[in-house]
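>>> no sequence on this one, just coordinates:
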């Protein structure tokens, strides 16, 4: 097994020293050796005891990705690559559930979607003769998707949506579409593009493709439409059907019949932090959607909150990050929608705070309460402020990853439930990250 984290490394693992933005993995080689590492991959000379193999390379990341690329090629496994502005991880989980009806599935837990994360996934998994790798592919800067497709060439490429996420680095919605579209441009003629028929920018990715195209969605010309789904879906939100249709299209692309597809859809496991219903203090219900946030996803989550039968609807919303120059205006729109859907709205973070100030000073409408950080709000909730959750309350908790709103969900959670069992970002490494 390969590991880049001494806190989770197991005896016999190979420790890979990665240079990151905040830490240099070489500084932790002694801890890795003390933890039982059998080998270390490094970019500079290090002192290790006799018996510990040292692999010196120019780039530890390139070394890992090269090994993973080679392993994937030798495995002969089909690769399902999934990208999009929202819904990647949920779609990945749905596709896994469907494909397990016929295949051995290789996939990462959570949303490992970078070259490093996918390399570790491939290297640390065993491939059988009938394996299919289901890989979420993320992008922050131009070229990210093309690089992931070079390393792990897709057999089936799925695009869920094009929305205003990562605009600071991708520039515009057109820039987002170009970047996400790289996953279908990487397909050969024998491949299949699975595209959301209800998103105009995604649908347009079919133009000029040599690969087979399967459109999914509610559009009348979709190849995979709502009539295929007969299973009861274990997902919340308007996106549940779209997610199921994407997974069904992946199943059809790889030869599954509708009966097998629906057996799989009924087995979907919701991902931690993505519209998961959890028991809260005082008999309340938490809708935990803390993994990440964008304006579209937040409005969708507010719709889920609105539709719940509840005595009181509460929305606790953290900053939505990387939205570009008009980020405050986008937060104002979301908070205004929240006031329509919830009896109490609390804004958390610097951007949310600025938006709330603008909204509160603009005139009629319920006041939006503000807290500087998720830690501040979590501490206040434990003290019974700004509300005490009770029976019949429904509480939505949502924000971008950097807002760390899982801390708020933890403060609201029923005391008999262990946060590590149900919430995102509960690992030792995350708990030590501010």
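Nice, thanks for sending it over. Remember, predicted model here, so these are calculated numbers, not experimental data.
>>> which stretches of the stretch 101-250 of the chain aren't confidently modelled?
Low-confidence segments of the stretch 101-250 of the chain, defined by pLDDT under 70: 110.
>>> ranges for the strands of it?
104-107, 131-136, 156-159, 192-196, 212-216 (DSSP state E, counting those that start in this stretch).
>>> show me what contacts the most far-flung residue of the chain relative to its centre?
Most distant residue from the mean C-alpha position of the chain: residue 50, 41.5 Å away (Cα atoms, centre = their mean). Not one residue lies near residue 50 by Cβ atoms under 8 Å, 6 or more residues apart in numbering. C-beta here means a position set from N, CA and C on the backbone, and glycine is covered the same way.
>>> pLDDT at it, what is it?
We have a pLDDT of 93 for residue 50.
>>> And for residue 212, nearest residue in space, chain neighbours not counted?
residue 192 (4.5 Å; Cβ to Cβ, 6 or more residues apart in numbering).
>>> Ok, residue 344 next?
Using Cβ to Cβ, 6+ apart, the closest residue to residue 344 is residue 314 (4.6 Å).
>>> Next: residue 146.
Nearest to residue 146 is residue 182, by Cβ to Cβ, 6+ apart, at 4.5 Å.
>>> Residue 337: how many residues sit nearby?
18 (other Cβ atoms under 10 Å).
>>> Helix, strand or coil: sort out it for me.
helix (DSSP: H, G, I helix; E, B strand; the rest coil).
>>> And stretch 280-288, how far out from the chain middle?
23 Å (Cα atoms, centre = their mean, to the nearest Å).
>>> do stretch 294-304 as well
With Cα atoms, centre = their mean as the basis, stretch 294-304 stands 15 Å off its chain's centre.
>>> Tell me how far the residue farthest from the centre of the chain lies from residue 11.
Separation of residue 50 from residue 11 (Cβ to Cβ, to the nearest Å): 17 Å.
>>> again, but for residue 40
In terms of Cβ to Cβ, residue 40 sits 14 Å off from residue 11.
>>> hmm, back to that, hmm, the residue nearest to residue 146 is touching residue 149, no?
Yes - under the criterion of Cβ atoms under 8 Å, residue 182 makes contact with residue 149 at 6.5 Å.
>>> Using JSON lines, please lay out the strands of the stretch 101-250 of the chain together with distance to residue 228 and mean neighbour count.
Formatted as JSON lines, the strands of the stretch 101-250 of the chain follow (distance: least, Cβ to Cβ, whole Å; neighbours: other Cβ atoms under 10 Å):
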{"stretch": "strand 104-107", "distance to residue 228": "21", "mean neighbour count": "20"}
{"stretch": "strand 131-136", "distance to residue 228": "20", "mean neighbour count": "24"}
{"stretch": "strand 156-159", "distance to residue 228": "16", "mean neighbour count": "31"}
{"stretch": "strand 192-196", "distance to residue 228": "13", "mean neighbour count": "28"}
{"stretch": "strand 212-216", "distance to residue 228": "9", "mean neighbour count": "21"}
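>>> about what we covered before: any idea how many residues pack against the residue nearest to residue 344?
Residues near residue 314, counting by other Cβ under 10 Å: 24.
>>> Which of the residues in stretch 319-326 are classified as buried?
319, 320, 321, 322, 323 (16 or more other Cβ atoms under 10 Å).
>>> can you tell me the average pLDDT over that stretch?
On average, stretch 319-326 scores 92.
>>> residues making contact with that stretch?
Here stretch 319-326 has contacts from 164-169, 293-295, 298, 327, 330-331, 334, 348-352, 399-403, using Cβ under 8 Å, 6+ apart.
>>> Please compute how far that stretch lies from its chain's middle.
Its chain's C-alpha centre and that of stretch 319-326 lie 18 Å apart, by Cα atoms, centre = their mean.
>>> From the recorded domain assignment, give the ranges for this protein.
2-57, 63-265, 276-431 (automatic domain parsing).
>>> Spatially, what comes nearest to residue 10 if we skip its sequence neighbours?
Beyond its immediate neighbours in the sequence, the residue positioned closest to residue 10 (Cβ to Cβ, 6+ apart) is residue 1, lying 6.6 Å away.
>>> and that neighbour, how many neighbours?
12.
>>> ok, now how distant is it from residue 52?
From residue 1 to residue 52 the distance is 15 Å (Cβ to Cβ).
>>> list the contacts for residue 248?
98, 216, 224, 228, 229, 258, 261, 265.
>>> Let me know whether the fifth one touches residue 244 as I believe.
Yes - Residue 229 sits in contact with residue 244 when judged by Cβ under 8 Å, with a separation of 5.2 Å.
>>> Between these two, point out the one with more neighbours.
The neighbour count for residue 229 versus residue 244, taken as other Cβ under 10 Å, is higher for residue 244 (29 against 19).
>>> List the contacts of that one.
94, 229, 231, 233, 235, 265, 268.
>>> repeat that for 6 Å
Counting by Cβ atoms under 6 Å, 6 or more residues apart in numbering, residue 244 touches 229, 233, 265.
>>> looking at the strands of the stretch 101-250 of the chain, which is closest to residue 75?
Of all these, strand 131-136 sits nearest to residue 75, with 6.4 Å by Cβ to Cβ.
>>> related to what we said a few turns ago, the residue farthest from the centre of the chain - that's part of a strand, no?
No - looking at residue 50 with three-state DSSP, it is coil, so not inside a strand.
>>> before we move on, back to that, restricted to helices, list the contacts of stretch 319-326.
167, 168, 169, 295, 298, 327, 330, 331, 334, 350, 351, 352 (DSSP state H).
>>> May I see those residues organised as JSON lines, with distance to residue 130 and neighbour count added?
JSON lines is the format used below for the ones in helices among the contacts of stretch 319-326 (distance: Cβ to Cβ, whole Å; neighbours: other Cβ atoms under 10 Å):
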{"residue": "167", "distance to residue 130": "41", "neighbour count": "19"}
{"residue": "168", "distance to residue 130": "42", "neighbour count": "14"}
{"residue": "169", "distance to residue 130": "38", "neighbour count": "16"}
{"residue": "295", "distance to residue 130": "41", "neighbour count": "18"}
{"residue": "298", "distance to residue 130": "40", "neighbour count": "27"}
{"residue": "327", "distance to residue 130": "46", "neighbour count": "20"}
{"residue": "330", "distance to residue 130": "45", "neighbour count": "20"}
{"residue": "331", "distance to residue 130": "47", "neighbour count": "26"}
{"residue": "334", "distance to residue 130": "44", "neighbour count": "25"}
{"residue": "350", "distance to residue 130": "50", "neighbour count": "13"}
{"residue": "351", "distance to residue 130": "47", "neighbour count": "20"}
{"residue": "352", "distance to residue 130": "48", "neighbour count": "27"}
